[in-house]
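Asker: Using only what follows, build the 3D model:
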Amino acid sequence: PASVALSRSSNLAAFDAAPDDTLEVSPGALAVVDHVAGRLARTRGSALFVDYGKTTCLGDTLRAFKRHRQVFPLRQPGLVDLTTDADFAACARQAALVDNVAVFGPVPQGEWLGRMGIETRLKAILDNAAVTDADADTLISACERLLDPDQMGLRYKVLALVDTLRHDASSSPPAGFLPDELVPPPADALSVIAP
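Answerer: I've put the predicted structure just below:
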């Protein structure tokens with residue numbers, strides 16, 4: 001388990017953590033990213049990860065939901081949906097360990113969608129004569145929710161993995177990313193994935 005891997009590590013400084021800090025580590029998420037990166041390195045391609053999350057494992061983000069309302073996590077075990085924020089920085093570091101894979105991000109969703117031209121696309125859709133006023137209101141509201149920093153714009157992140165055998169990521173980052181968002185492989189990796 002992750003707790004054993006962390007307790008054996010002499011390098012908790014890699015987490016920028018104090019002894020009493022809460023750390024959330026998801027070996028499952030790291031294993032998925034590692035598997036996808038390995039697959040890309042072998043078979044070529046790209047992957048895009050989008051989820052709500054942050055860029056640190058510090059803190060307690062465990063929460064539970066039932067019928068779209070947040071509830072106490074231990075209320076009605078098995079009958080509530082449990083969730084935590086994804087640690088995009090850890091996932092990026094894990095993927096950067098894989099040879100022949102370039103990692104970009106994480107980038108806030110609102111920023112990424114803006115770079116991808118969501119507002120231009122929305123305008124083109126709204127210019128269509130078949131779009132009703134009600135449709136326009138729904139589309140504008142949805143776009144605002146995706147971009148607004150107080151809604152999904154900052155809370156959600158985007159991470160890209162690209163094979164470097166087919167794609168020269170150093171000179172041409174994937175759409176929506178900038179060259180300086182390339183994640184270098186970590187010098188001293190701490191893995192919590194079981195061998």
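
Asker: okay, now the closest residue to Ala175 other than its chain neighbours: neighbour count?
Answerer: What sits nearest to Ala175 in space, not counting adjacent residues and going by C-beta to C-beta, 6 or more residues apart in numbering, is Met116, at 6.3 Å. In short, each C-beta sits where N, CA and C put it, glycine included. For Met116, the count of nearby residues is 14 (other C-beta atoms under 10 Å).

Asker: distance of Met116 from Phe177?
Answerer: Noted for Met116: a distance of 10 Å to Phe177, by C-beta to C-beta, to the nearest Å.

Asker: on that earlier part again, and the residue nearest to Ala175, what are its phi and psi?
Answerer: As for Met116, its main-chain torsions (degrees, to the nearest 10) stand at phi -80, psi -10.

Asker: so how far is Cys143 from it?
Answerer: From Met116 to Cys143 the distance is 12 Å (C-beta to C-beta).

Asker: Surely Ala41 is within a strand?
Answerer: No - with DSSP: H, G, I helix; E, B strand; the rest coil as the criterion, Ala41 is assigned helix and is not in a strand.

Asker: what's the neighbour count on it?
Answerer: Using other C-beta under 10 Å, Ala41 has 18 other residues around it.

Asker: quick one: it and Arg166 touch, right?
Answerer: No - taking contacts as C-beta atoms under 8 Å, Ala41 lies outside contact range of Arg166: 10.9 Å.

Asker: Tell me the spatial nearest neighbour of Ala86, not counting adjacent residues.
Answerer: Gly53 is the one closest to Ala86 (C-beta to C-beta, 6+ apart), at 3.4 Å.

Asker: What strand or helix carries Gln70?
Answerer: Assigned by DSSP states H and E, Gln70 falls within strand 69-71.

Asker: Each with direction, which strands does that strand pair with?
Answerer: Strand 69-71 sits in its sheet next to strand 63-66 (antiparallel), going by DSSP bridges.

Asker: Identify the residues contacting the partner strand?
Answerer: Applying C-beta atoms under 8 Å, 6 or more residues apart in numbering, the contact partners of strand 63-66 are 70-76, 79-84.

Asker: can you pick the most crowded of those?
Answerer: Among those, Val80 has the most neighbours (other C-beta under 10 Å), with 19 neighbours.

Asker: correct me, but that residue touches Pro73?
Answerer: Yes - using C-beta under 8 Å, Val80 is in contact with Pro73, at 7.2 Å.

Asker: Thanks a lot, see you next time.
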